[in-house]
Each structure stands twice: as structure tokens, then as C-alpha cells.
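Peer 1: Everything below, folded, please.
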Amino acid sequence: MNRILLGTGVILFSLILKILLFIMGLKAEQSGFSPFYSPDSQSYLTASLSLEKNHSFYASSSPEIFRTPGYPLFLYLIKQIHHSSHTIILIQILISLLSLYLLFCIVSKFISEKAAFISSVLYCLDPLSNLYTLKIMPETLFTFFILFFLQTILLAGKTNQYRHYLLAGILAAMASYIRPLAQFLILIPCFQSIFLIMKKHPVRPRLWINYLIMIGSFYVCIFPWQWRNYKKADYFGMSTVTAVNLYFYRAAAVLAEVKGIDYYSMRKEMGAYDSSIVIEKNPELKNASSGKIASFIEKEGKNIIFGHLKTYLKIHWQGIIRILLDPGSAEFLKYFGLYKEGSGLLGQCISHGVLTALTDLFKTNPILFWLTLFSSPWNFFLAAFTIWFLIKKEFPFEIRVMVLLFILYFLILSGGPEATGRFRIPILPVMTMAAGAFLDIMGAKKIKNSAENAPWNRQ
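Peer 2: Alright, predicted model coming up:
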């Protein structure tokens, strides 16, 4: 079948699915509920409002150093077109279609057209990815730049042209401005090359010079923001989100486990819901800037984690499993106003384990329990197909290494007590690419075996 026809068909199918889900959200909105917002949405909108009103990036009266400016700037630009949350959602739908197109192009170019079709269908059917396209959250925009970076770095590996490495560095920086999680993304191709050298694969000439070009273009792009944070708030970095996560989530989970108390109670005790508690416990921070406070809690968080490393590694591993397998059923019920925000399911998983949380869920919310049970196999199969892809020698070694490094990068950095299925969204295209390639080759083998065993081919 024609490549353009296949790609267009999948994109149209994805558009119809998202528009139907959007219409359902509009109907839910009429009952006074707001399905297009998540708890984090407000912080992005506040930063966007600061850009709109004051042409500066502030949170209240302090410089904003928790949120990076990429997504708030995106919201600000859309507001110049039309001041409506619905316009934001519609533009995000278009961006998600561009991501789908990029995925189709990547897989058709580097694996096969049939695998591209299967991967694209899997991606456009993924429930959580579709849902977060309809949320005022950075996932859709972030995923687009991650895919754009992946396509560029794969082209760079194929052509060895410096312009692709230059563009890859710029794209990684743009992704970092949307979510600081991407700020070490440029290390992935470097580690891929190390794997290839270990396997005695030939290394292209000027490769390390091209890597220096990529790293240089990346740091030239992000340095102004890091310098701005240092000058405005005494914090040299992209964002204080790392400090907050380390102390109020990861260290809190460790201490909750060590002391045998509830996770949310521990977070409250540490000052997650009232920043003045941190200053009360540490009077030396009374006149400190927000950046100095962030540096302090980051250091404290690391000390707690490394002091109970074995406990933390168990918590981190549980977070990785949630990223891979959490179907996000609660998010769908929230979208239709059938589940309260902050109902404590994540806290139960952290404090008492997944099995205990599911048992309690069966008693307290049977709808969510059965929805979770029936939607979970999708993620199990997707993860299994990805693993099979990684161990199949029929696929190019360099592609398998790149897929593995991408997935490990996001799982290792995102794992922890705060991890949910939402953190899977940036790696979903890579996982569907792997799953699509695996299903393609398995289907081809099955057809070949059927043909060989057909009656007319038997001796």
C-alpha cells in the first residue's frame, strides 16, 4: 500500500479519536467540571500570565525558577491568537498529529513501512497519550521535541553531517526548556557510540567532533536561562524541580518507610504543603533566597537518600514499574468527573504496596478497580513487545541500543515515589516503534511458515 496513504489514514484515525474525546470533555465541562486541567496546570498558567501582563517570568513576587519557560511561553503565544483553553487543546491535538507523523517517518525510514504503520496505530490507540493531549500540560509539546530529537540524531548517525548534530543540540535544549528532564538527553548518542565501539562496530570519522558540536549548541542555548536563575535567585540550573522532587517526594518516601508512617503525613511534616516549615526547622534559611533554599533541600534530600540507599532503590524500582504498567485509569475517571483529585491512591501504593492498594480500591471504588484491571494488559503487552524487540538480532544493533538508552534514560530519571503512568508518555513513541517492528517481523515469519506448511508446498 502507498506510504502516503497509510500515513494519512493513521493520522485521520488519530484525529477522529482525539476530537471525539474532546467533545466528551466539552460535555463534561457543561456540568461545571473542568476536564482539561490537572493540578500542575495552574502553575504553568500563572507563569504564562506573568509573561502576558508583566513581560517577565515571575511567580507571585519572586522570580519563577521552578517552572522552565518553554510551555508557559507556548501558552502565552496561543493566548495572542485566542484567549481560550479550548484553543490550547486544539493546537495540542495538531501537535500530537505531527508527533504521529514523525513517528511514522522514523520507523518507515529506519525499519520498514509496515512496522511504521503498526507502530503508528499502536501509538494513536494509546489511551494515556490521547488523554494528555487534551490537558493543559506540557506532555504533548515535550513529546514532539523528543521525537524530533530522535529523528535528527538517527539521521546524524546515518549521514554523519555536522548540521544534524547542531540541530540535535538545539532540539534537546528546546525540550529542556519545556521540561528540564531532557537536559541530559545529549548523552544518549554518546553512550550509543560507546556501546558500538565495545561491539567493535566501525566508528565514523569526525564523530567525536560532531558530538562536541551537539553538546556546544545545547549549552549555548540553555546557558542564558541558567545564568538568569543564578543572577535572579542564586540558583545555577534549569529548574528547582529536581530539588523539590528529591526532598519532598523521594526523601519523604524514604523517611516514611524508615519511620513506618504514612507517605503524605511525612510530606506534610517536611513542609511540602507549607514552605515556612522548612525555614522553621532551619532558621539559617530565614533571609535566604528561593535559590539558596532549593540548594539546601536538594542537598538534604540527597543526604537522606544516600543514608538509606537500599530503601530508596526499592522505592525507585516501584516507581519504574508504575511508569511502565500504570494504565492511568484514574486519570480517565477524573476527565469525566468520576474520581476526585488527590484521593490518595498513589500514597497507598507507596505506603502499603500495590496489592494492598488494589484490595482497598476494590472495596472503595469498584469502577476504578475493574477499569484498571481491564486496561492493564495493554501496557503489559507493549512492554513485553519492546523487550522482545531489544533481544531480537534481526533488527539493527545501533537502533536497538538507541531504543534501549532512550527508555532507560526516562525510566531512571523519572522513577521514584512521584512516578505515575503520565511519566511514560515521552517514551511511548519509542516503545510503540519497538513493538511495531517486533509485530511486523513476527507477522512476516508466521506468513512464511504458513506458506511453507501449505498442502501445495508439502512433498
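Peer 1: Who's the closest spatial neighbour of residue 335, skipping the chain neighbours?
Peer 2: The shortest distance from residue 335 to any residue other than its chain neighbours is 4.6 Å, reached at residue 35 (C-beta to C-beta, 6 or more residues apart in numbering). No exception for glycine: its C-beta is placed from N, CA and C like everyone else's.
Peer 1: pLDDT below threshold where in the stretch 101-250 of the chain?
Peer 2: For the stretch 101-250 of the chain, no stretch is flagged by pLDDT under 70.
Peer 1: how about the helices in it?
Peer 2: With DSSP state H, counting those that start in this stretch as the criterion, the stretch 101-250 of the chain has helices at 113-125, 127-133, 139-159, 162-178, 187-198, 207-233, 241-244.
Peer 1: so who does residue 149 touch?
Peer 2: When contacts are counted by C-beta atoms under 8 Å, 6 or more residues apart in numbering, residue 149 touches 168, 171, 172, 175, 182, 185.
Peer 1: Pull the number of nearby residues for the second one.
Peer 2: Residues lying near residue 171 (other C-beta atoms under 10 Å) number 27.
Peer 1: My understanding was that it contacts residue 145; is that so?
Peer 2: Yes. Using C-beta atoms under 8 Å, residue 171 is in contact with residue 145, at 5.8 Å.
Peer 1: average pLDDT across stretch 13-22?
Peer 2: For stretch 13-22, mean pLDDT is 96.
Peer 1: buried set for it?
Peer 2: 14, 15, 18, 21, 22 (16 or more other C-beta atoms under 10 Å).
Peer 1: In contact with the last one, which residues are there?
Peer 2: Spelled out, it's residue 22. Neighbour list for residue 22: 89, 90, 93, 134 [criterion: C-beta under 8 Å, 6+ apart].
Peer 1: Name the nearest residue to the second one, ignoring sequence neighbours.
Peer 2: If the residues on either side of it in the chain are set aside, residue 90 comes closest to residue 22, at 7.7 Å by C-beta to C-beta, 6+ apart.
Peer 1: Distance of that neighbour relative to residue 13?
Peer 2: To residue 13, residue 22 is 15 Å away according to C-beta to C-beta, to the nearest Å.
Peer 1: tell me the domain ranges of this protein?
Peer 2: Taking automatic domain parsing as the reference, the chain has its domains at 1-33+84-125, 240-307, 314-434.
Peer 1: can you list the ones you listed in CSV and add distance to residue 201?
Peer 2: Compiled in CSV, the domains of the chain are given as follows (distance: least, C-beta to C-beta, whole Å):
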stretch, distance to residue 201
domain 1-33+84-125, 16
domain 240-307, 34
domain 314-434, 7
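Peer 1: among those domains, which is nearest residue 54?
Peer 2: Closest to residue 54 of the domains of the chain is domain 240-307 (C-beta to C-beta; 17.7 Å).
Peer 1: Check which helix or strand residue 337 maps to.
Peer 2: Taking DSSP states H and E as the definition, residue 337 sits outside all helices and strands.
Peer 1: Phi, psi for it please.
Peer 2: Per-residue torsions, residue 337: phi 70, psi 20 (degrees, to the nearest 10).
Peer 1: Residue 64 now?
Peer 2: Here residue 64 shows phi and psi, under degrees, to the nearest 10, equal to phi -80, psi 110.
Peer 1: Relative to residue 175, how far out is the nearest residue to it once chain neighbours are set aside?
Peer 2: Spatially, and ignoring its direct neighbours in sequence, residue 64 is nearest to residue 57 (4.8 Å; C-beta to C-beta, 6+ apart). Between residue 57 and residue 175 the computed distance is 18 Å (C-beta to C-beta).
Peer 1: When these two are compared, which one has more neighbours?
Peer 2: Comparing residue 57 with residue 175 by neighbour count (other C-beta under 10 Å), the higher total belongs to residue 175, at 26 against 21.
Peer 1: so how far is residue 145 from the more buried one?
Peer 2: To residue 145, residue 175 is 4 Å away according to C-beta to C-beta.
Peer 1: Which neighbours do those two have in common?
Peer 2: Taking C-beta under 8 Å, 6+ apart as the criterion, residue 175 and residue 145 both touch residue 182.
Peer 1: Name the nearest residue to residue 109, sequence neighbours excluded.
Peer 2: Sequence neighbours aside, residue 154 is the residue nearest to residue 109 in space, at 7.9 Å (criterion: C-beta to C-beta, 6+ apart).
Peer 1: Please enumerate the helices of the stretch 351-459 of the chain.
Peer 2: Under DSSP H, counting those that start in this stretch, the stretch 351-459 of the chain gives helices at 354-364, 366-391, 397-414, 428-452.
Peer 1: Out of those, which is closest to residue 317?
Peer 2: Closest approach to residue 317 among the helices of the stretch 351-459 of the chain is made by helix 397-414 (10.0 Å; C-beta to C-beta).
Peer 1: Now do the closest one and helix 139-159, the angle between them.
Peer 2: Helix 397-414 runs at 150 degrees relative to helix 139-159, counting by axes from the mean of the first three to the mean of the last three C-alpha atoms, to 10 degrees.
Peer 1: May I see the buried residues of helix 397-414?
Peer 2: 398-407, 409-411, 413-414.
Peer 1: can you list the residues that contact that helix?
Peer 2: Applying C-beta under 8 Å, 6+ apart, the contact partners of helix 397-414 are 110-111, 150, 153-154, 157, 181, 184-185, 187-189, 191-192, 195-196, 199, 201, 319-320, 323-324, 386, 389-390, 392, 423, 426-427, 430-431, 433-434.
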